[in-house]
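Asks: Structure here, sequence nowhere to be found:
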């Protein structure tokens, strides 16, 4: 069985149970939605997940992973004083897995018996790891009985490490209608339409009667998207297409918030007249706007370009060939996981690697300036896994 799986990371464990890795909640009651969002946000901050009087435990959510995965170890981060002092942190989480679907075939994987007041993360190995696609998390009880404390339950985060097949990254062409979000859900108002061409995505979003452009790339089976306002301001989304055809992920336009959008079968006119062969990167560069690229991928903690970076690099080369007078800065950006000095050096070397690749293929070197920005210019919150994934990027800036 293990031969079917490939490690997601080359030198470090990767948390597969986060929005940033393509995990999404596909089943949750209204009362359990906060529990699912906190469990997947990749942040170790302790937050409230409900008031026992209205939202008693147990609370369950079902998470879909982007590909079959063997989960070997679960981890809960250290509590802060807020959770530990009041004894209201969730005490027991039952973890089950399924290969059959989000509503059937679940069998136990591990029970997280979370201790109170422990320094450092608590790890829970799976004694009989097996391939799963859906994970059900059930918060069973807290350290303080509900009848003694009517304040919110609190929770930090759950990580899951193991091996995962390469996500297929299917879909990303279609039209969806938002649901279970803070957006206006009036029929025909809160919708998103995407057109995919290779690893590039272009489209439009309509919310409250206002339309805006959406563009991005498919990276490792996930869509890294930017919504662009008329004044050029951008906000970020990370999304997958689930096994049931939903567009789901995390909206990083403000505090990280999960979103779900079901297929829009209402018909009617297209949201935007964008064709799949439109190259938004070339258009943006011609208009003097920077371009964010996620498809330029590197080995972990390295400036070595990975093979899957080829298509995005080829598109960048094509755009520069069609704009022969344009000079650009190639900017490398990292998340905040390492030291400032390390990240600055890594980002410089990665930017230089892109410049070398382009120069070797005919783009004049004097048109290309490698710039390392390190972690200094985040475009999303480094406190969450999805935010860190969006901060690891290459930007092309016209000079």
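Replies: Sure thing, it's come through. This one's a predicted model, so the numbers in the text were calculated from it and none came from an experiment.

Asks: Could you give the number of residues near the nearest residue in space to residue 396 that is not next to it in sequence?
Replies: Using CB to CB, 6 or more residues apart in numbering and skipping the chain neighbours, the partner closest in space to residue 396 is residue 291 (4.4 Å). Where C-beta positions appear, they are placed from N, C-alpha and C, glycine not excepted. Using other CB atoms under 10 Å, residue 291 has 20 neighbouring residues.

Asks: What separation do you get for residue 291 and residue 324?
Replies: Distance from residue 291 to residue 324, counting by CB to CB, to the nearest Å: 17 Å.

Asks: next one: residue 317
Replies: Distance, residue 317 to residue 324, using CB to CB: 12 Å.

Asks: Wait, residue 323 touches residue 283, no?
Replies: No - between residue 323 and residue 283 there is no contact under CB atoms under 8 Å: 10.3 Å.

Asks: check which helix or strand covers residue 350.
Replies: Secondary structure from DSSP states H and E places residue 350 in helix 340-360.

Asks: buried stuff in that helix?
Replies: Across helix 340-360, burial judged by 16 or more other CB atoms under 10 Å covers 343-355, 357-358.

Asks: Low-confidence ranges, the chain, go.
Replies: Across the chain, the ranges flagged by pLDDT under 70 are 1-12, 51-54, 80-87, 145-150, 180-189, 254-256, 273-278.

Asks: Go through it and flag its longest strand.
Replies: Criterion DSSP state E: the longest strand present in the chain is strand 59-76.

Asks: buried stuff in it?
Replies: In strand 59-76, counting by 16+ other CB under 10 Å, buried: 59-71, 74-76.

Asks: Would you tell me which one of these comes nearest to residue 213?
Replies: residue 66 (25.5 Å; CB to CB).

Asks: Look up how far residue 236 lies from the closest one.
Replies: Counting by CB to CB, the gap from residue 66 to residue 236 is 18 Å.

Asks: again, but for residue 356
Replies: 29 Å.

Asks: just residue 381 next, same as before
Replies: Relative to residue 236, and taking CB to CB, residue 381 is found at 10 Å.

Asks: what's the answer for residue 96, then?
Replies: Using CB to CB, residue 96 is found at 32 Å from residue 236.

Asks: So the two - more neighbours on which side?
Replies: Remark: of residue 96 and residue 236, residue 236 carries more neighbours, 23 against 19, as counted by other CB under 10 Å.

Asks: A helix includes the more buried one, no?
Replies: No - according to DSSP: H, G, I helix; E, B strand; the rest coil, residue 236 belongs to no helix; its state is strand.

Asks: Would you map out the domains in the protein?
Replies: The chain breaks down into these domains under automatic domain parsing: 2-164, 174-263, 280-398.

Asks: ranges for the strands of the stretch 151-300 of the chain?
Replies: Assigned by DSSP state E, counting those that start in this stretch, the stretch 151-300 of the chain shows strands spanning 153-155, 159-164, 174-179, 191-197, 200-207, 210-219, 222-228, 234-241, 247-251, 257-263, 291-293.

Asks: So what are the sheet partners of the longest one and their directions?
Replies: I take that to be strand 210-219. Sheet pairing for strand 210-219, assigned by DSSP bridges, gives strand 200-207 (antiparallel), strand 222-228 (antiparallel).

Asks: Contacts made by the first one with the rest, please.
Replies: Defining contact as CB atoms under 8 Å, 6 or more residues apart in numbering, one finds that strand 200-207 is touched by 172, 178, 183-184, 189-195, 211-218, 223, 225, 227, 271-272, 274, 276, 278-281, 315.

Asks: what does stretch 125-132 rub up against?
Replies: Contacts of stretch 125-132 (CB under 8 Å, 6+ apart): 1, 4-5, 65, 68-74, 97-99, 109-110, 162.

Asks: give me the number of residues near residue 296?
Replies: The tally of other residues near residue 296 (other CB under 10 Å) stands at 26.

Asks: Next up, the contacts around it.
Replies: Neighbouring residues of residue 296 by CB under 8 Å, 6+ apart: 305, 309, 312-313, 316, 354, 394.

Asks: one more time with 7 Å, if that's ok
Replies: Contacts of residue 296 were listed using CB atoms under 7 Å, 6 or more residues apart in numbering, and they are 309, 312-313, 354, 394.

Asks: That one and residue 262, how far apart?
Replies: According to CB to CB, residue 296 stands 32 Å off from residue 262.

Asks: repeat for residue 306
Replies: For residue 306, the distance to residue 262 - CB to CB - is 34 Å.
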